[in-house]
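Colleague: fold the following for me, if possible:
(one chain, ligands or ions: 2)
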Amino acid sequence: MPYPDLFQPLNLGFTQLKNRVVMGSMHTNLEETERGFEKVAAFYAERAAGGVGLIITGGFSPNDEGKLAPNRCVMREQSDVDDHRLITQAVHQYDAKICMQILHAGRYGFTPQQVAPSSIQAPISPYTPKELTNEQINQQVTDFAHSALMAQYAGYDGVEIMGSEGYLINQFIVSATNTRDDQWGGCIDNRIRFALAIVKATRAVVRQDFILIFRLSLIDLISDGSSADDVIVLAKALEACGVNIINTGIGWHESRVPTIATSVPRAAFRELSKNIKQYLTIPVVASNRINNPELANDLIASGDADLVSMARPFLADSQFVNKAMQDDAAAINTCIGCNQACLDQIFINKIATCIVNPRACHETEFIVSAAKQVKNLAVVGGGAAGMAFAVYASERGHQVTLFESENTLGGQLNLAVKIPSKQEFLETIRYFNHRLTQLKVKVYLNTTATAANLTRFDQVIIASGIEPRLPEIAGIDSDKVVSYADVLSNKVVIGQRVAIIGAGGIGFDTAIFLAQSREQQTDQQLQQQFVEQWGIDLSLANAGGLVAPKIESSPRQIFLLQRRLRKPGADLGKTTGWIHRQHLKSKGVKMLVGVNYERIDQQGLLINVRGKQRLLEVDHVVICSGQLAKNSLIEQLGDIPYHLIGGAKQAAGLDVQRAIKEAAILASQL
Ligand code: NAP
Ligand code: SF4
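Modeller: Ligands and ions are numbered 1, 2, ... in the order given. Next up is the predicted model:
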C-alpha cells in the first residue's frame, strides 16, 4: 500500500481509527445559514466518504459568552443535539469517526459579552472582556462538560477541547492574559487548573470510550506566552487526567507571525510535535501547512507525530485520502495555503470555499452530473480558467479540445510561481495537467486558435486571459520601462533602484520578487530563513517562542507606488495582506500613496505626491497597473456560439478564484 505509515490504523485501546489522517477543525459558516446543518452534514459526509479517519468539526461554544460572534452556534440544548445528529449520522454512513470541537472564545469573542481570566483587551478585538469570578469560572467548567455530554448524545465519537490559538483556555494558561492572584492565576499549576478542571469534569460525565482530544498550544508566538516547561507540564497533566489524543496548535490569532499562510514552509513546526511526543504515551497530532500525502506519511514514519491533521487540504480536495490510497497523489487538488477563499471569507462572515475547488461547502447545490447531450467544445486559452473548464466539462462527458498559444499550460500561474512563497501554484498547474491527461482532453500547445480551426465545434469557450494595461504617462516608451511579466520571467536584469507603478496584488508580488535576497533555496534554507525572518524560537528558550527577527536586506531600493490615498494593498486578503505589508516594510520598501506620475526619462520617474514634486532616480520602472481583457478573437467568430470566462470576460478584479469558479459554473451549465 502507498504511504503505509499514514494509512496504518491507530488503536486507542477502547476504539480504533482506521488511519492516521485527521481532518482538522475549520469553521465554514455553513451552520449559521438556512438548513445549515444539512449543508454541513453533506460537507463532512463527502470528506468521510473520501477516506478521512477522524474528522474534527468547527468549534461550537459551550455557552453564549463563549461565542466567537453573536450568530455562532452553541452546543447546549436538546434542539442542538437534534441538529448535530444530522452530522454524525451522515459521517457514520462511512467508516469514519467524528469529534465535535468545543471552543470558548474568551476575549477573542466578537461580542460585548466576552469574558476572560483577566480584564485585558485583545489587540484583535474591539471589546474589553469581563473578568470571571471564581463562581463563573466553575460555571464555565460545568458548561464545557455539559456540552461534551450533549455531543455524546448527538452521536459524536468524542470531543476536542480547544486549548490553543489564544482562546479562553489558552488565556488562562498564559501569564500575559492571566494576572489573577487566586487559585486560577500565578504559578503554572494555577494557570493550568482551568484546562485540567474542564478535562476532569468532561471525563467524569462522558463514556469511557468517548474520545477526548485536547488541542494544546505548542508555541504561542506572543510575548510572555508559555515556556517550554509550561507546555510539558500541561501536556503530562492532560494525559494523567484522561485525555486520549493531544492535538497541537501553533500561535495565537493575535500573533504577528504567519503560521498557516503559503509563506510558511510546509510542516514548518514539526519539530515541536516531535519534541512534545517524547513526554507522552498518548498519540500526538502534527498540524500546520501539511498538504500532501508524502509529507504526511513522513511525519508518521519519522516518529515526529502519530497522526497528521490537515484542514484546508480537505476543502481543496475531499477525495485526498482515497486518491493517495489509490497511489494517484498527482490527482489531488492541492491546498496552496492562500486563505483567499476560506479564512478570508470567514472573516467577512461569508461561507468558506476554496480557490481551487469552488464546490467546497456548496456540496448540496453544486452537483456534478453527466451532460444530457454530449457537446464538442473548444477552449481557447490554457490558463487557470481554460484548464479548469476543460477538466470540469470533460468530467461531465463533453468532448473538449484545448488550444494554448504558449508552449506550456498555466497562463498567469506560470508567473505567480516565480514569487517567493507562491511556488505552491505549481501544484495547481500539476493537478490540472494531470486531470487533463486522465480525461484525455485534446491539448494543442503552441497553437493560436483562429475562427478557421474553431468552426467544427458546437461551442467555443474563450479563456484567453488578460494583457497588462499600459498607463498613459509621458515617457512610457522609455527603455527604463518594463512589464512585470518580463521581470518575473527574468527577461530583464533589474537595476539597484526601481519604482513599481501600481500597488495591487501584482505590484506587491513584484516587490516581493525584487526584494528577495536569494533565489533558488533548499527546503532547509527556506525553513531557516522563515524562522529567522519572523523571529521564531522553536526551542522556546524565550517564553512564547519569539526572538528578534533577522532580516536579510533587499538587494535593491524599491519604491511601490499608487495613486489612491489609501493603504497600499488594501485589497489583499485579510489574513495575508498584513504579512506582505510587514515583509516589504522589513525589507525597506518605500510605499507611497497619493502619487501622480508626471514623466519618465533618463533621470528616472518624476512624481508629484500631494502637490510636492519628487524625482525618483531609478534604473527601472515596472508597470503593474492592472489588466485589460484579451478577447479580440470573438470579433472573428461570426455565428460560432461562444462564452467568455476569466480575464477574457472581465479583467478587473480577476484572480484564480474567480477564473476557476466561472469555469466550474459554465461547465455545469453546458
Ligand atoms: P489590481 O490589484 O487592480 O492593481 C492595479 C494597480 O494599478 C492598483 O494599485 C491601481 O492603483 C493601479 N492603477 C490602475 N490603473 C492605473 C493607471 N491607469 N495608471 C497607473 N496606475 C494604475 O491589479 P493587479 O495588481 O494587476 O492584480 C490583478 C488581480 O490579481 C487583482 O484582482 C488582484 O487582487 C489579484 N492578485 C492578488 C494577489 C494577492 O492577493 N496576493 C496577488 C496577485 C494578484 P491606483 O489606481 O491607486 O494607482
Ligand atoms: Fe487552501 Fe487557498 Fe483553498 Fe483555502 S482557498 S483551502 S488556503 S487553496
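
Colleague: how about S287: what's its closest non-neighbour residue?
Modeller: S309 (4.1 Å; Cβ to Cβ, 6 or more residues apart in numbering). For every residue, glycine as well, the C-beta is placed using N, CA and C.

Colleague: swap in D458?
Modeller: That would be K375: by Cβ to Cβ, 6+ apart, it lies 4.4 Å from D458.

Colleague: correct me, but that neighbour touches G397?
Modeller: No - counting by Cβ atoms under 8 Å, K375 does not reach G397; the two are 9.2 Å apart.

Colleague: let me see the contact set for the residue nearest to D458.
Modeller: 398-399, 458-459, 670 (Cβ atoms under 8 Å, 6 or more residues apart in numbering).

Colleague: the same query, at a cut-off of 7 Å, please.
Modeller: By Cβ atoms under 7 Å, 6 or more residues apart in numbering, the contact set of K375 is 398, 458-459, 670.

Colleague: the residue in the stretch 351-500 of the chain that ligand 1 sits nearest to: what's it in contact with?
Modeller: Nearest to ligand 1 in the stretch 351-500 of the chain, going by Cβ to the nearest ligand atom, is P471, at a distance of 3.2 Å. Residues near P471 by Cβ under 7 Å, 6+ apart: 501, 597, 623, 625.

Colleague: contact partners for the last one?
Modeller: Residues in contact with S625 (Cβ under 7 Å, 6+ apart) are 469, 471, 501-502.

Colleague: what do you get if the cut-off is 10 Å, keeping everything else the same?
Modeller: 468-471, 473, 484, 500-504, 506-507, 561-563, 597 (Cβ atoms under 10 Å, 6 or more residues apart in numbering).

Colleague: now the phi/psi pair for I346, please.
Modeller: Per-residue torsions, I346: phi -60, psi -40 (degrees, to the nearest 10).

Colleague: that one: how many residues sit nearby?
Modeller: Counted by other Cβ atoms under 10 Å, the residues lying close to I346 total 20.

Colleague: ditto for N297
Modeller: For N297, using other Cβ under 10 Å, the count is 20.

Colleague: in which helix or strand would I find it?
Modeller: helix 293-301 (DSSP states H and E).

Colleague: show me what the helix ranked longest in the chain is packed against.
Modeller: When the chain is scanned for its longest helix (criterion: DSSP state H), the result is helix 134-153. Packing partners of helix 134-153 (3 or more Cβ pairs under 10 Å, 6 or more residues apart in numbering; DSSP states H and E): strand 54-60, helix 78-92, strand 97-102, strand 115-116, strand 158-163, helix 168-173, helix 193-205.

Colleague: looking at the ones you listed, which is closest to ligand 1?
Modeller: strand 54-60 (24.5 Å).

Colleague: is that closest one up against ligand 2 anywhere?
Modeller: No - on the criterion Cβ under 6 Å from any ligand atom, strand 54-60 is out of touch with ligand 2, staying 14.0 Å away.

Colleague: where's the residue of the chain found nearest ligand 1 relative to S263, distance?
Modeller: Nearest residue of the chain to ligand 1 (Cβ to the nearest ligand atom) works out as G504 at 1.9 Å. Applying Cβ to Cβ, to the nearest Å, the value for G504 to S263 is 19 Å.

Colleague: between those two, which one's more packed in?
Modeller: Taking other Cβ under 10 Å, G504 and S263 do not tie; S263 has more neighbours (23 against 18).

Colleague: what's the closest non-adjacent residue to the more buried one?
Modeller: S421 (3.7 Å).

Colleague: and if you look at V141?
Modeller: A197 (4.7 Å).

Colleague: ok, now H92?
Modeller: With Cβ to Cβ, 6+ apart, the residue lying closest to H92 is G155, at 6.9 Å.

Colleague: show me the contacts for that neighbour.
Modeller: 81, 84-89, 91-92, 98, 100.

Colleague: will you turn the residues you listed into CSV that also has pLDDT and distance to ligand 2?
Modeller: Listed next are those as CSV, based on pLDDT from 0 to 100; distance: Cβ to the nearest ligand atom, whole Å:
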residue, pLDDT, distance to ligand 2
V81, 96, 30
H84, 97, 24
R85, 97, 28
L86, 97, 24
I87, 97, 20
T88, 98, 24
Q89, 97, 26
V91, 98, 20
H92, 98, 25
I98, 98, 20
M100, 98, 22
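
Colleague: spell out which residues of the stretch 451-600 of the chain are next to ligand 2.
Modeller: Residues of the stretch 451-600 of the chain lying near ligand 2 (Cβ under 6 Å from any ligand atom): none found.

Colleague: and ligand 1, which of the contacts of K375 contact it?
Modeller: Answer for the contacts of K375 near ligand 1: none qualify (Cβ under 6 Å from any ligand atom).
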